[in-house]
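**Q** Test case, fold it:
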Amino acid sequence: MTIKDILTQLESHGNPNNVAGMARYGIIAKKAFGVSAPALRAIAKEVGYSHGLALKLWATEIYDARILAAFIDDPKLVTENQMELWVKDFDNWAICDGVCLHLFRKTPYARKKAKQWTKRKEEFIRRAGFTLFATLAVHDKQADDKNFLQLLPIIKRASADERNGVKKAVNWALRQIGKRNLALNKLAIQTAKEIKKIDSPSARWIASDALRELTSDAVRKRLLNNVNEK
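**A** The predicted model follows:
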C-alpha cells in the first residue's frame, strides 16, 4: 500500500463531526480528517508494520496520519533522533499520549528520553516525559522498583507546573507508579502528601487526585490480592 492509498483511505473514513469533537477536548491539529479509533486500528492492521511508511505518514502533518504512524512503526527501528524530531512536533495532548503509548514506550530509549524530556520547558515535550513514565509503570511488568523510585523526586519537582498538559501527566505518572505494588503504593502516597504541602494549585490538585485513588479500597484490595497470588 502506498502513502497515497493510505491517505485516500484515511480521508474516506473522516468525519467533520469528530474533528469538532476533538477540538472540544483540546485536541487542536493543523489538519485532521476525524477518523475514529476503530477505523485507524483497522487500517493499521491492513497496512502492517512499516517503518518507511510511518516516517512518510508523520511528514504529512495530518493528525490521523500521525496516529497511524505510531501504530505501524517498528519500535526496533526507531532511533533517538527520530524520537527527538517527532516530540518537537507534538502540539496537543492526544498526539503526545498516542505516540508515547503505542510506539515510544516500546523502544530501547524510552526511559532515557523520558528522563530527558521531563527537564524540558516545552509543554508537550515535558508531558511526553511523564506520559512515558506512566505508560512504562503500567506495561513494563518486569521493571525493578528502583526504576520508579527515582522518579518520585522528579514528579515532586514538576508538580508546581500549572500548565494543564503537564500537570495531568505528572498526576498520571504518580498514580500509575503507586498502583504497581504495595511498596510503591506506600511511597507514592508519601510523595503525594509532600506535594500537597507545596503552595501551588497544580500541586494540590495532583496530590488530592492521586491520594483519592491510591488510598482507595479498590486499589488496596487489588494490590493485596496480587501479593497473595504470588
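**Q** Please count neighbours and contacts with C-alpha atoms only from this point.
**A** OK.
**Q** starting at the chain centroid, how far to the worst-scoring helix or strand of the chain on mean pLDDT?
**A** The weakest-scoring helix or strand in the chain, judged by mean pLDDT, DSSP states H and E, is helix 16-24 (a mean of 84). Centroid displacement of helix 16-24 relative to its chain, using Cα atoms, centre = their mean, to the nearest Å, is 21 Å.
**Q** which other helices and strands contact it?
**A** In terms of contacts (3 or more Cα pairs under 8 Å, 6 or more residues apart in numbering; DSSP states H and E), helix 16-24 is not packed against any helix or strand.
**Q** If we go by neighbour counts, what in whichever helix or strand comes after it is buried?
**A** Where DSSP states H and E defines the elements, the next helix or strand beyond helix 16-24 is helix 37-47. The neighbour-count check on helix 37-47 (16 or more other Cα atoms under 10 Å) flags L40, I43, A44, V47 as buried.
**Q** which non-adjacent residue is nearest R175?
**A** Leaving aside its sequence neighbours, R175 sits nearest to A210 (Cα to Cα, 6 or more residues apart in numbering; 5.6 Å).
**Q** Contact partners for L53?
**A** T2, I3, A69, D73 (Cα atoms under 8 Å, 6 or more residues apart in numbering).
**Q** at 7 Å what do you get?
**A** Applying Cα atoms under 7 Å, 6 or more residues apart in numbering, we find L53 in contact with I3.
**Q** Quickly find the element holding it.
**A** Following DSSP H and E, one finds L53 within helix 51-59.
**Q** Can I get the helix or strand just after that helix in CSV, CA atoms only?
**A** Going down the chain from helix 51-59, the next helix or strand is helix 63-72, by DSSP H and E. What follows is helix 63-72, C-alpha atoms only, in CSV (Å, rounded to 0.1, in the frame of the first residue of the first chain):
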residue,chain,number,x,y,z
TYR,A,63,-3.2,14.3,12.9
ASP,A,64,-4.8,11.0,11.8
ALA,A,65,-1.8,10.0,9.7
ARG,A,66,0.5,10.7,12.6
ILE,A,67,-1.5,8.5,15.0
LEU,A,68,-1.5,5.8,12.3
ALA,A,69,2.3,6.2,12.1
ALA,A,70,2.6,5.3,15.8
PHE,A,71,0.5,2.2,15.2
ILE,A,72,2.5,0.9,12.2
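**Q** Residues contacting the next helix or strand after helix 63-72, please?
**A** Counting by DSSP H and E, the next helix or strand C-terminal to helix 63-72 is helix 80-87. For helix 80-87, contacts defined as Cα under 7 Å, 6+ apart pick out Y109, I125.
**Q** got the angle for helix 80-87 vs helix 51-59?
**A** 30 degrees (axes from the mean of the first three to the mean of the last three Cα atoms, to 10 degrees).
**Q** roughly how far apart are I154 and A160?
**A** 11 Å (Cα to Cα, to the nearest Å).
**Q** Please say which of those two ends up with more neighbours.
**A** Taking other Cα atoms under 10 Å, I154 and A160 do not tie; A160 has more neighbours (21 against 15).
**Q** From the domain annotation, what segments belong to each domain of this protein?
**A** 1-74, 96-230 (automatic domain parsing).
**Q** Extract the residue ranges of this structure that are flagged as low pLDDT.
**A** 229-230 (pLDDT under 70).
**Q** got a list of contacts for the longest helix anywhere in the chain?
**A** Longest helix in the chain, counting residues (DSSP state H): helix 123-139. With contact meaning Cα under 7 Å, 6+ apart, helix 123-139 is reached by 87-88, 90-93, 96-97, 100-101, 105, 110, 113-115, 117-120, 165-166, 169-170, 172-173, 176-177, 180.
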